[in-house]
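*Asks:* pasting the sequence and the predicted model now:
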Amino acid sequence: MVKLFDAVCPQCKGKFHCHWEDLRHKDYKLVCPFCSTSFAQEESPQIIE
């Protein structure tokens, strides 16, 4: 089973799933699938683990 977390885009407020093992607590920027905004995880108004 794949472990996921949800991130909220700081630009459009869209909520989307991300793969935990690949992205969480890593220095990668997330890309919103709704508006294509690239942002650091710390910029997300909400991370749901």
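*Replies:* Thanks, I have the structure now. Residues are numbered from 1 along each chain as shown.
*Asks:* and the strands in this protein?
*Replies:* Per DSSP state E, the chain carries strands over the ranges 4-8, 15-19, 30-31, 38-39, 47-48.
*Asks:* where does the protein have low pLDDT?
*Replies:* Nowhere does the chain drop to pLDDT under 70.
*Asks:* any idea which residue is closest to the centre of it?
*Replies:* Ala7 (3.7 Å; C-alpha atoms, centre = their mean).
*Asks:* which ones are touching the residue nearest to Phe5 when sequence neighbours are not counted?
*Replies:* What sits nearest to Phe5 in space, not counting adjacent residues and going by C-beta to C-beta, 6 or more residues apart in numbering, is Glu49, at 4.9 Å. Quick note: C-beta positions are derived from backbone N, CA and C, even for glycine. Listed by C-beta atoms under 8 Å, 6 or more residues apart in numbering, the contact set of Glu49 reads Phe5, Trp20, Arg24.
*Asks:* show me what the residue lying closest to Val2 once chain neighbours are set aside is bridged to.
*Replies:* Leaving aside its chain neighbours, Val2 sits nearest to His19 (6.3 Å; criterion: C-beta to C-beta, 6+ apart). With DSSP bridges as the criterion, His19 is bridged to Leu4.
*Asks:* so how far is Lys3 from His19?
*Replies:* 8 Å (C-beta to C-beta, to the nearest Å).
*Asks:* likewise for Cys35?
*Replies:* 25 Å.
*Asks:* and what of Tyr28?
*Replies:* 16 Å.
*Asks:* distance of the nearest residue to Ala7 once chain neighbours are set aside from Val2?
*Replies:* Distances taken as C-beta to C-beta, 6+ apart place Ser44 nearest to Ala7, at 4.8 Å, with adjacent residues excluded. Look at Ser44 and Val2: by C-beta to C-beta, they are 20 Å apart.
*Asks:* okay then, goodbye and thanks.
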